[in-house]
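**Student:** what's the 3D shape of this:
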Amino acid sequence: MNRNTPRILMLTHSVYSRDIRVRRYAEYLVNDGYLVDIICLATEDNTPQSKDPSIRVYPLPMIRRRREKLGHLIDWGMSILFMFWSVNKLSFQHRYDLIHVHNMPDVLVFCALFQRLMGVPVILNIHDAIPELAQSKLGIGPDHFVVKIQSVLEKLSIRFSNHVITATESFKKKLIERGTSNKEITVITNFPDERLFDSRGTLRVRNPDDGNFIILYVGTVAFRYGLETVVRALPALRAKIPGIRLQVFTKIKDEGKALSHCLQLAIDLGVDDLFEVNDPVPLEEMPSIMANADIGVYPALKDCHMDHALSLKIPEMVNMELPIVSSRLTVLEELYGDECIAFVEAGNISQLVDKILELYEFPEKRKAYATKAKAKGLGMTWKGQYPIYRDLVDRLIHKQ
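**Tutor:** From the prediction side, this is the model:
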């Protein structure tokens, strides 16, 4: 391999093969002639995570688990130690031109301590603003000591880094309010990879008259994502929609307390036969899963984090022309608006029931939402965002 070929190291506390955010960065970079190494978590069955010889994946001896409180901190602590060791081990083998760290947590950037001291530029990619996420997950206020600690760690991590990437203008505004300079932040929005999520290339293989009406939920199952609201709506929906099914594809295996709660709730309400939970699937399978559902749901509960965090599953479902019923969130109102997404108030079960029934009874409304959202999303693609990232990478590398 030509020694002049730029080599980039990425760190992520996720499974690379299932993390489309990290995969997009890596795959587009190698298409432009870069080499990319990935330090990440292992899959449950230790299957290889990349077939591309230009993308080498080095999984830690850890898998992704949904842990709470002290267990969560221990999990992060262990991953930081393993990553620190792996970064330095790999740095003896290769000279990296840039290190790109994906949060959470922010402090993963310090795994590149020695490399940063030697002049290797470090990017911190803040996919989620952790002080707000802590408030959302723990149900605490901005003055809680946990939030203050996270704010300090965020500030130290940003100061250590050469540059910060964040996912939305709202997140950028929060970072600026906490003292980060505007010129140190680049917004790269979490838009879908049209190579995978393109309705023109995915055939709808399910017969729409097969007697099923599929409501699809994809992604993290945590209390703040509001899946319980959909489960509670199922008894009323069952009475009006023959063949209704709630199909869930989780982000990780064994999602934890929130999913267990929903499963028990479904049993208590007598709708467990309608509630189908699936383990994570390869990303390549998700477009056809979306294309063969009838409605996608995003019932997130509104708070200081969820109101501004863009779930990638929304633009992916938009690209697959799947009509969406979602909680009314600021980030989605700004990007899409009422003509593109069927909004309901977060946590309002009766509104959710009414909206799903409306879309069931009037297929033309489902089509209208999907068509208008698709048209609105034509300019919201990863192909349009990647040049911003590539220019940043080139600028940082050539400053050395």
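**Student:** Could you use CA atoms for every contact and neighbour count after this?
**Tutor:** OK.
**Student:** got any ranges where the stretch 1-150 of the chain has weak pLDDT?
**Tutor:** Applying pLDDT under 70 to the stretch 1-150 of the chain flags the ranges 1-3, 66-69, 71.
**Student:** what about the helices in it?
**Tutor:** Ranges of helices within the stretch 1-150 of the chain are 20-31, 69-93, 113-117, 130-138, 145-160, based on DSSP state H, counting those that start in this stretch.
**Student:** export those helices to JSON lines and tack on mean neighbour count and distance to Ile63?
**Tutor:** Shown next, in JSON lines, are the helices of the stretch 1-150 of the chain (neighbours: other CA atoms under 10 Å; distance: least, CA to CA, whole Å):
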{"stretch": "helix 20-31", "mean neighbour count": "18", "distance to Ile63": "17"}
{"stretch": "helix 69-93", "mean neighbour count": "15", "distance to Ile63": "10"}
{"stretch": "helix 113-117", "mean neighbour count": "16", "distance to Ile63": "24"}
{"stretch": "helix 130-138", "mean neighbour count": "19", "distance to Ile63": "21"}
{"stretch": "helix 145-160", "mean neighbour count": "17", "distance to Ile63": "24"}
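**Student:** Show me this structure divided up by domain.
**Tutor:** As recorded under automatic domain parsing, the domains making up the chain are 7-191+382-398, 199-379.
**Student:** so how many other residues sit close to Glu177?
**Tutor:** Residues near Glu177, counting by other CA atoms under 10 Å, number 11.
**Student:** going forward can the numbers begin at 49, since that is how I track them
**Tutor:** In the new numbering, first residue 49, that becomes Glu225.
**Student:** State the distance from it to Thr95.
**Tutor:** The gap separating Glu225 from Thr95 is 43 Å, by CA to CA, to the nearest Å.
**Student:** same check, this time on Ile103
**Tutor:** Taking CA to CA, one finds Ile103 at 15 Å from Thr95.
**Student:** So for those two, which sits in the more crowded spot?
**Tutor:** Ile103 (22 against 9).
**Student:** Could you pull up the contacting residues of that one?
**Tutor:** Residues near Ile103 by CA atoms under 8 Å, 6 or more residues apart in numbering: Ala74, Glu75, Val78, Leu83, Val84, Asp85, Ile86.
**Student:** you'd agree Glu382 is in a helix?
**Tutor:** Yes - Glu382: assigned to a helix according to DSSP: H, G, I helix; E, B strand; the rest coil.
**Student:** now the strands: where do they sit in the stretch 249-398 of the chain?
**Tutor:** 261-267, 292-298, 323-326, 343-346, 372-375, 390-392 (DSSP state E, counting those that start in this stretch).
**Student:** who wins for proximity to Val278 among the helices of the stretch 49-198 of the chain?
**Tutor:** helix 178-186 (19.5 Å; CA to CA).
**Student:** how many neighbours does Glu393 have?
**Tutor:** What Glu393 shows, counting by other CA under 10 Å, is a neighbour count of 17.
**Student:** which one is Leu83 nearest to, not counting chain neighbours?
**Tutor:** Arg55 (4.6 Å; CA to CA, 6 or more residues apart in numbering).
**Student:** Quick check, that neighbour in contact with Ser139.
**Tutor:** No - under the criterion of CA atoms under 8 Å, Arg55 is not in contact with Ser139, lying 10.9 Å apart.
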